[in-house]
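Colleague: Starting from these lines, generate the structure:
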Amino acid sequence: WVRAAESFLQTPDAHLDFGYGVLLKAEAWAAGDGSLHQALSYVMSDQIQQELPCIFISGQGNSLE
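Modeller: This is a model prediction of the structure:
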């Protein structure tokens, strides 16, 4: 799980969705002192982990249907 979070934080923005992924990554790197440890702590925090299921469910909808 930590490796997945670290991989996410090191993924180029062009490979992330711009609706949430890029914003979450930017918030994580801006948290604390800007270190990988602080960014990981942010992404793995209870607040963010509680947001993720809602984001994933919302992302499943398709307005083109």
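
Colleague: just checking, F8 touches V43?
Modeller: Yes: F8 is within contact range of V43, at 6.9 Å (criterion: CB atoms under 8 Å). All C-beta spots, glycine's among them, are computed from the backbone N, C-alpha and C.

Colleague: Show me which of these two is the more surrounded one.
Modeller: V43 (22 against 16; other CB atoms under 10 Å).

Colleague: The residue most central in space within the chain and F8, how far apart?
Modeller: Nearest to the geometric centre of the chain sits L24, at 4.1 Å (CA atoms, centre = their mean). Remark: distance between L24 and F8 (CB to CB, to the nearest Å) = 8 Å.

Colleague: shared neighbours, those two?
Modeller: Residues within reach of L24 and of F8 at once, by CB atoms under 8 Å, 6 or more residues apart in numbering, are V43.

Colleague: Pull the distance from the host helix or strand of A28 to the chain's centre.
Modeller: Assigned by DSSP states H and E, A28 belongs to helix 21-30. Distance, stretch centre to chain centre, for helix 21-30: 6 Å (CA atoms, centre = their mean, to the nearest Å).

Colleague: quick one: Q38 and G32 touch, right?
Modeller: Yes: look at Q38 against G32 with CB under 8 Å: they come within range, at 3.1 Å.

Colleague: Looking at these two, which is more packed in?
Modeller: Taking other CB under 10 Å, Q38 and G32 do not tie; Q38 has more neighbours (15 against 12).

Colleague: what does the model give that one for pLDDT?
Modeller: The per-residue pLDDT reported for Q38 equals 97.

Colleague: same thing with A4?
Modeller: 93.

Colleague: next one: P53
Modeller: On pLDDT, P53 comes in at 80.

Colleague: number of nearby residues for it?
Modeller: As a measure of burial, P53 has 9 neighbours, counting by other CB under 10 Å.

Colleague: same thing with H37?
Modeller: The burial count for H37: 9, using other CB under 10 Å.

Colleague: counting contacts, what elements does the helix of greatest length in the chain pack onto?
Modeller: Using DSSP state H to assign secondary structure, the helix with the most residues in the chain is helix 46-60. Identification of packing neighbours for helix 46-60 by 3 or more CB pairs under 8 Å, 6 or more residues apart in numbering; DSSP states H and E yields no helix or strand.
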